[in-house]
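Q: prediction below, plus the sequence it came from.
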Amino acid sequence: MASTVTYHLADFDGPLDLLLHLIKTSEVDIFDIPIVLITQQYLAFLQAEQERNLDIAGEFLVMAATLMSIKATYLIPKNDNVDLDEDLADYVDEPDPRVDLVNQLLEYQKYQQAAAELREREEERQLQFSRLPMSPPADIEKAPLPAGVALSDLQTAFAKMIRRRQLTEPAARTMVAEQWSLQVQMGDIMQKVRERGRMTFADFFDPQDNREKMVTTFLGMLELVRHQCLLIEQADAFGTINVQSGPRPYETIDFSEDKNENG
């Protein structure tokens, strides 16, 4: 039997891995392990490894002792002539000594299957390639903001308004379809500027506005600043941000060109 064993100890992660291999190659039922046959094959494997002068991990030897103990239980002759009292017969329990071993093998088999699925997913993921983030083109033309005002200032001011809004809005909300378009909000912003002239950044946001409208209004304002339809200024650091009409009329802007360029 030992001469037919050609695999190495390093091929198995542990004694349970080796036992599953022996059960599979012997084509036996894991729930009804022929303990004598499997023990012989397992011991033959250990003997072959020792003949190669390879160190055998202690856990493999512990499993060998367990198998020999179960085998010995099966080989001990049973006295079938003993008659049990009928009242006691139901309480005499002779558990199968293989039960604990089978449970360990089934649990280990689950981990093997899970590991195989994870390896398969890893291989599939390695076939996918994510595009790296792209930097803005070097020749892009940017409309400069007035001195002393940065985009981060507008973002900070808008973030403060959102935080205040979160403190006042109810915890439970009903999801509704989007009702605010960027084009409509830009027109509304320009109408307010024409009517009131110079305004503060906060004047464009009503306390009753929902978050969708606030975000759309903010994006519309950035778009108008980019096209120089609006001018913004801030006299002092962290001071009030003021907004007024810019040098370029809103009616002369063809926003369809932006869609084509981003298209």
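A: That came in fine, so what should we check first?
Q: hey, which helix or strand in the chain has the poorest pLDDT?
A: helix 86-89 (a mean of 49; mean pLDDT, DSSP states H and E).
Q: C-terminal to it, which secondary structure element comes first?
A: helix 99-126 (DSSP states H and E).
Q: flag every buried residue along that following helix.
A: Residues of helix 99-126 classed as buried: 101, 105, 108 (neighbour count, 16 or more other C-beta atoms under 10 Å). C-beta: built from backbone N, CA, C; applies to glycine.
Q: just checking, the last one touches residue 23?
A: When you say that, I think you mean residue 108. No: using C-beta atoms under 8 Å, residue 108 makes no contact with residue 23, being 11.5 Å away.
Q: the stretch 51-200 of the chain: helices as residue ranges?
A: Remark: helices assigned in the stretch 51-200 of the chain by DSSP state H, counting those that start in this stretch are 58-75, 86-89, 99-126, 151-168, 182-196.
Q: okay if I get those as JSON lines plus distance to residue 135?
A: Below are the helices of the stretch 51-200 of the chain laid out as JSON lines (distance: least, C-beta to C-beta, whole Å):
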{"stretch": "helix 58-75", "distance to residue 135": "55"}
{"stretch": "helix 86-89", "distance to residue 135": "84"}
{"stretch": "helix 99-126", "distance to residue 135": "26"}
{"stretch": "helix 151-168", "distance to residue 135": "17"}
{"stretch": "helix 182-196", "distance to residue 135": "25"}
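Q: by mean pLDDT, show me the worst of the ones you listed.
A: Comparing mean pLDDT across the helices of the stretch 51-200 of the chain, the lowest value falls on helix 86-89: a mean of 49.
Q: how far does the helix or strand residue 47 falls within sit from its chain's centre?
A: Residue 47 belongs to helix 35-51 when assigned by DSSP H and E. Taking the mean of its C-alpha atoms, helix 35-51 sits 43 Å from the chain's own mean (C-alpha atoms, centre = their mean, to the nearest Å).
Q: quick one, it and helix 58-75 angle?
A: Orientation of helix 35-51 against helix 58-75 (axes from the mean of the first three to the mean of the last three C-alpha atoms, to 10 degrees) gives an angle of 150 degrees.
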